[in-house]
Each structure stands twice: as structure tokens, then as C-alpha cells.
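*Asks:* below: sequence and its predicted model.
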Amino acid sequence: MYKYIISISLLLFCANGYAQKSDTATAKKDTIVYKTGYGLRLGVDISRPALSIFDKSYSGLELVGDYRVSKNWYVATELGYEEEITFEDFTTSTSKGSFIRLGANYNAYKNWLDMNNEIYVGMRYGFALFDQTLNSYKPNVGSPYFPSNTIQTPVTDTGLTAHWTELQLGIKVETFKNLFLSAGFSYKIVISIDDQENFKTLYVPGFNRVFESNTGFGFNYTISYLIPFVNK
């Protein structure tokens, strides 16, 4: 009888020790921390070179970059150059120049494990320095019997500036290690734009088409690479 009691006691003791060991291993497994890279991410908007291939009235290049400062916040910038020929019923004009946008993005997406994707909301301040040329225009003063002639003499104003703010929404997906593809949309509001004398500015580099409401829209498709300085 005592042998049975001793055997059962030893069995219970071993089972209890195994359970404690298993719980400790599980606790260690649950405390694994997945770290992601903090660093400088640089890239290019691939939609602009693609557009210049299909639309001969446009050429442009935009470089993008951001730096992660906390779990969900990034400081971000875009800079580049654009030239656009705008065709209207009575005018043809060209706008060309450089631009920069500065601001921050907030990542609203909660990643699983070691994922590093984003669904972001961003704000920007934009500035452009550009030249505006009225290539040709047709005075709207003619009649069916005495139509006006198109004036072909270009008129150029240089050193024009534009300031605006914009709201950005977009996604970034890490397709390979540290390599990201992203797509975004922006809504822009004019702060101030210099107009050419006697001619309203219709297109601003970095802003795109300026509508009557002094607003505009933008899209981008970028590819970028993260240079990680530290993992957190």
C-alpha cells in the first residue's frame, strides 16, 4: 500500500514540475519583442516619369523621403521639378519650376508581429518657385464676321511663387525587406499664388491644376527604400 502511495506522490510531483517548466517556456515565448527599423526612407514618385511618356505636354520628377521619430509618427518631405503645358479654349500656357513640401505623417495601422506597413494621414506645407509663359492667346472680342486672330508672341514672367497646405491619405506596403510601394491622394488649399500680369496661373509645380475655388488634388505612386539606423 505504501508503495502505491509513494508512486502516486512521485508521479504528481513530476507532473507538477513539468507543468511549471511548460508555463515558464510559454511565458518566455509570449515575451518575445518584434523590433522594426527606425531610419531614413528615400524614394521616387514613379507616376511622373510614366506620365511624361504618354503625355508630351508634361515632364517632371519628384523625390520623396521620411524619417521615423516614434512608433506612429514620421517627418516627411517631397521635392521636385515640373513643366506643364496647359491648353484652354483661348489660351496656351506653360508653367515650370521647382517645389518642396514639408510636414508629417501619422500611421493609423496597427501592424502584426514584425510587419512594417502603413495606412497614414499626413499634413504638408508646400512652396513652389516657378516661371509662367503665356504661349498664345486669342482675344475674345471677335464676331462671326470679324473673328479675332490668335496672338502667337510668348510672354514670360519669372520668379513667381506659390504657398499652400495639403491633407494626404495613403498606404505603404513593405513588399521586400526595407523596400516599400505606396499610393496616396492629396487635397490642396491655396495660401497664396503669384499670377502673371493679366493672366491667372492655371498650373503650379507641386500643386497641379489650380481650380476656381483655389483648391487642387494630387496623386502619387512611389517606390522607396528604408535605411535603418536602429531597431526598436
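*Replies:* Perfect, I can see it now.
*Asks:* can we go C-alpha only for contacts and neighbour counts from here?
*Replies:* Noted.
*Asks:* can you tell me the closest non-neighbouring residue to Thr133?
*Replies:* Thr156 (4.2 Å; C-alpha to C-alpha, 6 or more residues apart in numbering).
*Asks:* with Arg41 instead?
*Replies:* Using C-alpha to C-alpha, 6+ apart, the closest residue to Arg41 is Leu226 (4.1 Å).
*Asks:* next one: Leu167
*Replies:* Met123 (4.9 Å).
*Asks:* just Leu179 next, same as before
*Replies:* In space, and not counting its chain neighbours, Leu179 is closest to Tyr225: 4.7 Å by C-alpha to C-alpha, 6+ apart.
*Asks:* same check on Ile171?
*Replies:* Using C-alpha to C-alpha, 6+ apart and skipping residues adjacent in sequence, the residue nearest Ile171 is Ile119, 4.5 Å away.
*Asks:* what's around the one you found, how many residues?
*Replies:* The number of residues packed near Ile119 is 17, by other C-alpha atoms under 10 Å.
*Asks:* go ahead and flag the most central residue of this protein.
*Replies:* Note on the chain: the residue nearest the mean C-alpha position is Gly184, at 5.5 Å, using C-alpha atoms, centre = their mean.
*Asks:* which element is that one on?
*Replies:* Element membership of Gly184, judged by DSSP states H and E, is strand 179-193.
*Asks:* look up the residues forming beta bridges with the closest residue to the residue nearest to the centre of the chain other than its chain neighbours.
*Replies:* Spatial nearest neighbour of Gly184, chain neighbours left out: Gly170 (3.9 Å); criterion: C-alpha to C-alpha, 6+ apart. Beta bridges link Gly170 to Tyr120, Gly184, judged by DSSP bridges.
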